[in-house]
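Asks: after the sequence you'll find the predicted model.
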Amino acid sequence: MRNRTVVVPLIALFLLAFVALGCSVGQLLARQTAATGTPTRTPRPTWTPAGGGLRVATPTLDRTRFPNVALPTAPPPTPQQLIPGSGQPIFVPQPPGGGSGVQTVVVIIVTATPIPSATAVALPSTPAPPPSATPTPGPPTATPTITPTPLPPVVVNVLTDDVNVRQGPSTAYPIVAQLDAGTEVTVVGRNRAGDWWKICCVNGADVWIFAELVSTAGPLWTVPEVLNIPPPPSAAPPPGPTATPTPTPTYAWPFRVEGIPEQYVLGQDFFRVDAIIYNGATPLWGYKLRVRKLSTGQEWLSNGSVSHWQWVVIGWPNDGKPVNPTLDCPSPRTGLLCLKSNVKWDSNGVGVPMGDDVWEVVATDGAGTPLSAAVRLHTSAANAKWYYIVFTSRK
């Protein structure tokens, strides 16, 4: 059906072209016999396409070509409308009464376009009034700077007494001080692990405290991490076992001093010493005393000790009887005080005064070789005394 619709208009166009060619030849012959004046060409009728199909214009007589042909008096037929896709024939109207006149049929094939919808026409708006004079602006107003509210500091509160604070975040650092419970200190830093707080200030310096020994208050997220913490000082090697000092060998003297030296009133300015050199029971014979005065460096040896006791009376009874030490001292006599000795020496025999000085007395053998440690005695001329020493041999 679609091919048929296309072929019919093509045939019509071919016929119209043939008719037009014949008309053109006829008009050329007619112009040769026509009057000299050339009438004005009548304008061709215009047409308005109808929506939904193709329209064929109403044929008219061209007076410029056929001036002697009478125009029809009947109203022109209604234009034929060619509907695309239909098989209807094309109707070409003829003038009334026939005739040999040639008519021009113009077929215009157009593509129907939808009638555009009515578009609202915008009316011109009232013209805006001319702009008023703009005042000259003054200097710009300074935008106020918003000062943020500062956060409170972070503080720690010591929980127990005697809490150590150290030079660094570890027990390997030296202790700086100790804080009591309730002490509050400001936090200025933390270590990476977060288990030690750096606080300020203790004795004017920043120190570290273990986090488990304190409570905290404040915005902890603001506490910065302390970087470049110096390493703890090198730990001293543990002390080795203490060596037991070897005792200095002490010469074991054959004799030792028994008790302490005794002092008795002398009443004369010379040095006197009485001594016992014995084995703890009986007197020993042939031993001597070596006496030295330190201020002058003088030394003397006494006579040798005897093998029996010699008695010295130091207290007398009030019975009025004469005292014989050899006879009275061995027996207990009421009120009689006696001292026994077996060797003695005094400076009166060498003419040396006692004076305010220091004297040393040593027990020796018969050749003067020391057999005991020196006994040192301090003497005074204003309070002269004589001395009693006991040397006992070691067992």
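Replies: Everything's here; your move. Numbering: from 1, shown residues only.

Asks: what secondary structure does Ala382 sit in?
Replies: When classified by DSSP: H, G, I helix; E, B strand; the rest coil, Ala382 comes out as helix.

Asks: what's the burial count for it?
Replies: 6 (other C-beta atoms under 10 Å). Any C-beta I mention is one placed from the backbone N, CA and C, and that applies to glycine too.

Asks: what does Gln178 give?
Replies: For Gln178, the neighbour count with other C-beta under 10 Å is 13.

Asks: separation between it and Glu184?
Replies: Noted for Gln178: a distance of 15 Å to Glu184, by C-beta to C-beta, to the nearest Å.

Asks: now do Pro169
Replies: Per C-beta to C-beta, Pro169 is found 20 Å from Glu184.

Asks: neighbour-wise, which of those two wins?
Replies: Shown here are Pro169 and Glu184; by other C-beta under 10 Å, Pro169 has more neighbours (24 against 13).

Asks: so what's the closest residue in space to that one that isn't next to it in sequence bridging to?
Replies: Once flanking residues are discounted, Pro169 sits nearest to Trp196: 3.4 Å by C-beta to C-beta, 6 or more residues apart in numbering. Judged by DSSP bridges, the bridge partners of Trp196 are Phe210.

Asks: before we move on, what about Arg290?
Replies: Beta-bridge partners, per DSSP bridges, of Arg290: Leu301, Val362.

Asks: pLDDT wise, what is it at?
Replies: You'll see Arg290 listed with a pLDDT of 96.

Asks: Leu301 is in contact with that one, correct?
Replies: Yes. Using C-beta atoms under 8 Å, Arg290 is in contact with Leu301, at 5.4 Å.

Asks: separation between the residue nearest to Pro169 and Ile229?
Replies: From Trp196 over to Ile229 (counting by C-beta to C-beta), the distance is 10 Å.

Asks: joint contacts of those two?
Replies: Residues touching both Trp196 and Ile229 (C-beta atoms under 8 Å, 6 or more residues apart in numbering): Pro169.

Asks: between these two, which one's more packed in?
Replies: Trp196 (22 against 17).

Asks: who are the contact partners of that one?
Replies: Neighbour list for Trp196: 169-170, 190, 208-211 [criterion: C-beta under 8 Å, 6+ apart].

Asks: what's the domain layout of the protein?
Replies: Domain assignment for the chain by automatic domain parsing gives 2-82, 155-222, 255-307+342-393.

Asks: re the thing from before, Ala367: which of the contacts of Trp196 is nearest?
Replies: Taking C-beta to C-beta as the measure, Ala367 lies nearest Ser170 of these, at 72.4 Å.

Asks: in a helix, that's where Phe14 is, yeah?
Replies: Yes. Phe14 sits within a helix when classified using three-state DSSP.

Asks: quick one, grab the pLDDT at it.
Replies: Reported pLDDT at Phe14 in the predicted model: 73.

Asks: how many other residues sit next to it?
Replies: For Phe14, the neighbour count with other C-beta under 10 Å is 10.

Asks: so how far is Gly368 from it?
Replies: For Phe14, the distance to Gly368 equals 181 Å [C-beta to C-beta].

Asks: which of the three states applies to Ile389?
Replies: Using three-state DSSP, the secondary structure recorded for Ile389 is strand.

Asks: touching, it and Tyr278? I think so.
Replies: No. Using C-beta under 8 Å, Ile389 is not in contact with Tyr278, being 12.0 Å away.
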